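Student: Okay, sequence plus prediction incoming.
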There are 2 protein chains.
Amino acid sequence: MGKLARKVAIIGAGMCKFGRNFPLKRNPDMWVDAWIDAVNRVDNGIEPKDIDACYVGNYSSDLFNHQGHLGPQMANLVGLTPKPAARFEGACASSGVAFRQGILAIASGVHDIVAISGVECMTEVSTTLVTDTLATASDNLFEYPAGATFPGLYAAAASAHFHKYGTTHDDLKRIAIKNHENGKENPYAQMQQSLKEIMASKIKKFESQGRDIPDWKDEMDFLGSSSNPMIASPLRLFDCSLVTDGAACVFLAAEDVAKKYTDTPIWITGSGQGSAALSLHDRGEITGFIAAREAARQAYEMSGLGPKDIQIAEVHDCFTIAELIALEDLGFYEKGKAAEAIKNGETKRDGIRPINTSGGLKSKGHPVGATGAAMAVETFKQMRGIAERNRQVKFDVEKALTHNLGGSGATCVVTIYEK
Amino acid sequence: MGKLARKVAIIGAGMCKFGRNFPLKRNPDMWVDAWIDAVNRVDNGIEPKDIDACYVGNYSSDLFNHQGHLGPQMANLVGLTPKPAARFEGACASSGVAFRQGILAIASGVHDIVAISGVECMTEVSTTLVTDTLATASDNLFEYPAGATFPGLYAAAASAHFHKYGTTHDDLKRIAIKNHENGKENPYAQMQQSLKEIMASKIKKFESQGRDIPDWKDEMDFLGSSSNPMIASPLRLFDCSLVTDGAACVFLAAEDVAKKYTDTPIWITGSGQGSAALSLHDRGEITGFIAAREAARQAYEMSGLGPKDIQIAEVHDCFTIAELIALEDLGFYEKGKAAEAIKNGETKRDGIRPINTSGGLKSKGHPVGATGAAMAVETFKQMRGIAERNRQVKFDVEKALTHNLGGSGATCVVTIYEK
């Protein structure tokens, strides 16, 4: 794997409010919201005529919205017709893939500025159909007919991790608590509530219904109760990310043009992508993801940085166990050691390496095709020092990383950002 | 739009037999067949370890096969795990998009050799569902609810072209006759029969049924009869391309490594991509496609060539009218002048600029996501002088072009090849 022939930077990034936006807003509406939000964050302004191409990340508008061919549609909505526009798919890493291809397109010399779009409108179909659609990112010859859906596949990874490394459900609870604590501070997040607040409203509801008040000492207690029902053992409801409608937009520019738009571009210094067999049973191990380790290896190699250099990261917490595994796959912690670090608060907003300051997929929401681009949006904000409310980390972020996983780990895109 | 920072060439290309391959063969099986066919055409051999990434073009395995996330699946089947693998979508131009992104990825300096995959397995669902799935490449807010499907959309383009330029259905018949004549010579084609042969077998069937024998003078007559039923006026059955299962594979390499694999690389000297609004009613005209003209403009500009330099072309004849429009959009003929040239035999295999020597989508078949890559396979063969049977053109092909259209013209990828 070689170096980029040309340096690439983010010059602006934005997103729409994540949540249950359908039917008031569908992919086209959310994309326009995200576009405007991103345009407003380009210091010296940007216009459609400046942009060479539109790279759309989307998992399955086919099954969610019975609409394919999103590339030209999204390009047309923001005035980019007749420029190149296409859709990129890597399951839940779809806009991570679009983002990476945008970087390569600029490095190739063919484009100077590319708009990266991530969109997904999931709530147009029933929750059952959401689960069924997401299951098409697993193997439909062996896993799907056996009844495996994503909570089950990640539950298998969690069980194996528990067995091999002594990880417990308490370790996973701490990830949920932290990410909700962060999402509370994100005005774009789907669930802007801490687990303490969620617990309190649950108690209030019990009171109003005249039921016995549970004697939960704290959120850990609440998360171990039947009010946090089992989904696929050992994963419970609050171990799962959300079903979300959302869109995000990132403008990438070549070095020689970036400075026209801003004095403080955020440089992409590392990009890696890896893959694995779709089926868990086809892999050598399930307590870690080879696609993620390969993507990280490439990104570190390209940037010349190592895990120790990374100050903050957005990682793919589609389930709490996925965040824990990501911290190990990225080399932040040795295999089996992430749980202890999480317990020590190292990944909290005031810890030594804050993880998922956006709230993560768990609290910000997970519109699958938009997630990778939204990670870049949070990274852009944290590095610029403009994260909203009380979410901005307290130190100057010079080096950051995003980790966008697809399916049960069959695709992973890792990106490294520097100021 | 800039130049490629690094030269890129095709070093091998192949495909599986197109046809109704399901259920004996599905996407994974067809892809492996195409891979082996391509590997066998790399002069000095190639192994998975030589290849850096797998770029998969596919329109909607989601709706056709209830399987998404094809990138890592296809990569895994040919031993490329854990290398980067993703899916690219631009409706019927999906593998044209994958091909172009592969070119950019090599030019970027990040990859040296990329495997381009095009796959689609359409016959797993009923013909009604094929039509319904393809319709998701049109606009599902206005066109689809109004009952518009692709035959209807291209019929509108045909009617407008007839009205504006005096084109007739006889002009379209000649395109079908030519493409079947070519497909007859292609052992990989779905329908290896000339229209004369199809007419003869029809007459035989009439005889065996004891029915009156039609007095068709020739294929033109046959194509004007009720044995070529109206699909969407003025388009009849033999104006439409086929419903097909198929896969194709192309190996792209950077200049500095290409020569290790072959002494006769086929260079990519021009690549362009354009887009348009999804809906016909959102465009200024429907007798030509702005996306195609823009893609052609970029490709000609990059290569420094013009329409007059192109000796052969594979163009996107999803309907006969689409081939006629392509010849005008590509600048081979002035607007409204292609019909006359076709009548004069200029586009035949022994004409001055043979078009669709493979048989085109009309006779070779149109597994939508595989079509763009399959065009590159035919071009590779013609330029190498290895096209099977009696299909090889009689002159040395030094400059060729492919034109891969998506939807009702909302995406187009144009590529220029030189020896």
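Tutor: Cool, got the structure.

Student: List the contacts of A:F332.
Tutor: Counting by CB atoms under 8 Å, 6 or more residues apart in numbering or on different chains, A:F332 touches A:307, A:310, A:313, A:338, A:341, A:353. Bear in mind the C-beta positions are built from the backbone N, C-alpha and C, glycine included.

Student: So the fourth one is in contact with A:L324, correct?
Tutor: Yes. At 5.0 Å, A:A338 counts as touching A:L324 under the criterion of CB atoms under 8 Å.

Student: Can you work out which residues contact both of the two?
Tutor: Joint contacts of A:A338 and A:L324 (CB under 8 Å, 6+ apart) do not exist.

Student: Just give me the closest of the contacts of A:F332 to chain B.
Tutor: Distances from chain B to the contacts of A:F332, taken as CB to the nearest CB, are shortest for A:P307 (18.5 Å).

Student: quick one on the thing from earlier: now list the buried members of the contacts of A:F332.
Tutor: A:310, A:313, A:338, A:341, A:353 (16 or more other CB atoms under 10 Å in any protein chain shown).

Student: Which positions in stretch A:223-243 come out as buried?
Tutor: Across stretch A:223-243, burial judged by 16+ other CB under 10 Å covers A:223, A:227-228, A:231-232, A:234-236, A:238-243.

Student: list the contacts for the residue most central in space within chain A?
Tutor: Residue closest to the average C-alpha location in chain A (CA atoms, centre = their mean): A:T371, at 4.0 Å. Contact partners of A:T371, counting by CB under 8 Å, 6+ apart, are A:92-93, A:95-96, A:118, A:316, A:361, A:404.

Student: A:E388 - how many residues pack around it?
Tutor: Neighbours of A:E388 under the rule other CB atoms under 10 Å in any protein chain shown: 12.

Student: Is it correct that it is in contact with A:N186?
Tutor: Yes. Counting by CB under 8 Å, A:E388 touches A:N186, with 6.5 Å between them.

Student: and the helix or strand encompassing A:A291 with chain B, contact?
Tutor: Using DSSP states H and E, A:A291 maps to helix A:290-303. Yes. Using CB under 8 Å from any CB of the partner chain, helix A:290-303 reaches chain B at A:290-291, A:293-295.

Student: Name the nearest of those relative to B:M191.
Tutor: Nearest to B:M191 out of the residues of helix A:290-303 next to chain B is A:A291 (CB to CB; 40.7 Å).

Student: And the pLDDT for that closest one?
Tutor: With respect to pLDDT, A:A291 has a value of 98.

Student: In three-state terms, how would the residue nearest to the centre of chain A be classified?
Tutor: helix (DSSP: H, G, I helix; E, B strand; the rest coil).

Student: related to what we said a few turns ago, of the buried ones among the contacts of A:F332, which belong to helices?
Tutor: A:338, A:341 (DSSP state H).

Student: any low-confidence regions in chain A?
Tutor: Under the criterion pLDDT under 70, the flagged ranges of chain A are A:1.

Student: Using the centroid of it, identify the residue furthest from it.
Tutor: A:G210 (39.8 Å).

Student: any idea whether that residue is helix, strand or coil?
Tutor: Following three-state DSSP, we place A:G210 in the coil state.

Student: picking that back up, A:S95 versus the residue nearest to the centre of chain A, what's the distance?
Tutor: 7 Å (CB to CB, to the nearest Å).

Student: and if you look at A:A387?
Tutor: From A:A387 to A:S95 the distance is 20 Å (CB to CB).

Student: Those two: which is more packed in?
Tutor: A:S95 (38 against 22).

Student: quick one, the host helix or strand of the more buried one and helix B:94-107 angle?
Tutor: According to DSSP H and E, A:S95 maps onto helix A:94-107. Orientation note: helix A:94-107 sits at an angle of 50 degrees relative to helix B:94-107 (axes from the mean of the first three to the mean of the last three CA atoms, to 10 degrees).

Student: who's in contact with A:I321?
Tutor: A:I321 neighbours (CB under 8 Å, 6+ apart): A:154, A:157-158, A:161, A:172, A:235, A:239.

Student: ugh, wrong one, A:S303
Tutor: Per CB under 8 Å, 6+ apart, neighbours of A:S303: A:269-270, A:416, A:418.

Student: for the stretch 51-200 of chain A, what spans make up the helices?
Tutor: A:61-65, A:70-77, A:94-107, A:127-135, A:150-165, A:169-183, A:195-208 (DSSP state H, counting those that start in this stretch).

Student: May I see those organised as TSV, with distance to chain B added?
Tutor: Formatted as TSV, the helices of the stretch 51-200 of chain A follow (distance: least, CB to the nearest CB, whole Å):
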stretch	distance to chain B
helix A:61-65	4
helix A:70-77	4
helix A:94-107	4
helix A:127-135	8
helix A:150-165	12
helix A:169-183	25
helix A:195-208	32
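
Student: Just say which of these is most tucked in.
Tutor: helix A:94-107 (a mean of 31; mean count of other CB atoms under 10 Å in any protein chain shown).

Student: and the angle from that helix to helix B:70-77?
Tutor: Helix A:94-107 and helix B:70-77 are oriented at 80 degrees to each other (the same axes, to 10 degrees).

Student: now helix A:94-107 and helix A:290-303, what's the angle there?
Tutor: Using the same axes, to 10 degrees: helix A:94-107 against helix A:290-303 is 30 degrees.

Student: Just the C-alpha atoms of helix A:94-107, please, in CSV.
Tutor: The C-alpha trace of helix A:94-107 is given here as CSV (Å, rounded to 0.1, in the frame of the first residue of the first chain):
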residue,chain,number,x,y,z
SER,A,94,-21.0,2.8,3.7
SER,A,95,-20.2,6.5,4.2
GLY,A,96,-16.8,5.5,5.6
VAL,A,97,-16.2,3.8,2.2
ALA,A,98,-17.5,6.9,0.3
PHE,A,99,-15.2,9.1,2.5
ARG,A,100,-12.2,7.0,1.7
GLN,A,101,-13.0,6.9,-2.1
GLY,A,102,-13.4,10.6,-2.0
ILE,A,103,-9.9,10.9,-0.5
LEU,A,104,-8.5,8.7,-3.2
ALA,A,105,-10.3,10.6,-6.0
ILE,A,106,-8.7,13.8,-4.9
ALA,A,107,-5.3,12.2,-4.4
